[in-house]
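S.K.: model the structure of this input:
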Amino acid sequence: MINYIWFFMIAIGVLVGIINGKMEEVSKAIIDSAQTAVTISIGLVGVMALWLGIMKIADKSGLTDIIAKLLKPIIIKLFPDVPKDHPAISAMIMNISANMLGLGNAATPFGIKAMEYLQELNKKDSASNAMGRFLVINTASIQLIPAVMIGIRASLGAKNPADFVIVSVLSTSTALVAGLILNKYLEKMPIFKE
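M.R.: Numbers count the residues shown, from 1 in each chain. The predicted structure is shown next:
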């Protein structure tokens, strides 16, 4: 579906460029954007390799296990409808801890697995309240080390690429709390009751 959307947007852009007689500008913008994308990607390789190495060290040193132990009581309280020893709890904890460390690529498989486990507990075709709650937590994605954004800012020449981290943690924390409050409110509505 997303391919059709992208194709439609590109086709409309080219069509408008032809109609307005600005096809030369459209072509130049396409080439410039492609060049910028390659430059940013190459700049990110080094920074991402560094951060992924640091995260691997954090994983080997047990930092992710410490985060998982700290998160388990919170996750159990947030998901009372999921049995404490169910594999969904472990998958959610691994997803959230990987996201907190800025490892979105590593977090995705855990998130998918958590949703599969939650669906096993679900007795209907639509999403359960636990699935909605997990989606809110995953979408807010509090990141203590937003490695990708630090890398992008560094590749674009920012003087202090990590100067936004405190604001990022505060804003994602606020989004998480607001999302969980709204989620709890919606769960109580008759239409969403399980």
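
S.K.: mean confidence (pLDDT) on the longest helix seen in the chain, please.
M.R.: Using DSSP state H, we find that the single longest helix of the chain is helix 23-61. With pLDDT averaged residue by residue, helix 23-61 scores 77.

S.K.: now the angle from the helix or strand following it to helix 23-61?
M.R.: Using DSSP states H and E, the helix or strand that follows helix 23-61 in sequence is helix 63-78. With axes from the mean of the first three to the mean of the last three CA atoms, to 10 degrees applied, the angle from helix 63-78 to helix 23-61 works out at 100 degrees.

S.K.: which strands and helices lie in contact with helix 63-78?
M.R.: helix 87-100 (3 or more CB pairs under 8 Å, 6 or more residues apart in numbering; DSSP states H and E). Yep, even glycine has a C-beta here, placed from its N, CA and C like the rest.

S.K.: next SSE after the helix it packs on?
M.R.: Immediately after helix 87-100, counting by DSSP H and E, sits helix 104-121.

S.K.: how about residues contacting that following helix?
M.R.: Identification of contacts with helix 104-121 by CB atoms under 8 Å, 6 or more residues apart in numbering yields 55, 81-83, 86-88, 91-92, 94-96, 98-99, 128, 130-131, 134, 138, 141, 148.

S.K.: and the pLDDT at residue 162?
M.R.: Confidence for residue 162, expressed as pLDDT, is 85.

S.K.: from what I can see it touches residue 147, true?
M.R.: No - counting by CB atoms under 8 Å, residue 162 does not reach residue 147; the two are 9.7 Å apart.

S.K.: who has more neighbours out of these two?
M.R.: residue 147 (21 against 15; other CB atoms under 10 Å).

S.K.: I'd like the distance between the more buried one and residue 176.
M.R.: Going from residue 147 to residue 176 by CB to CB, to the nearest Å gives 19 Å.

S.K.: same question for residue 155.
M.R.: 28 Å.

S.K.: mind showing which ranges of this protein have poor pLDDT?
M.R.: 43-44, 47-48, 51-52, 55, 192-194 (pLDDT under 70).
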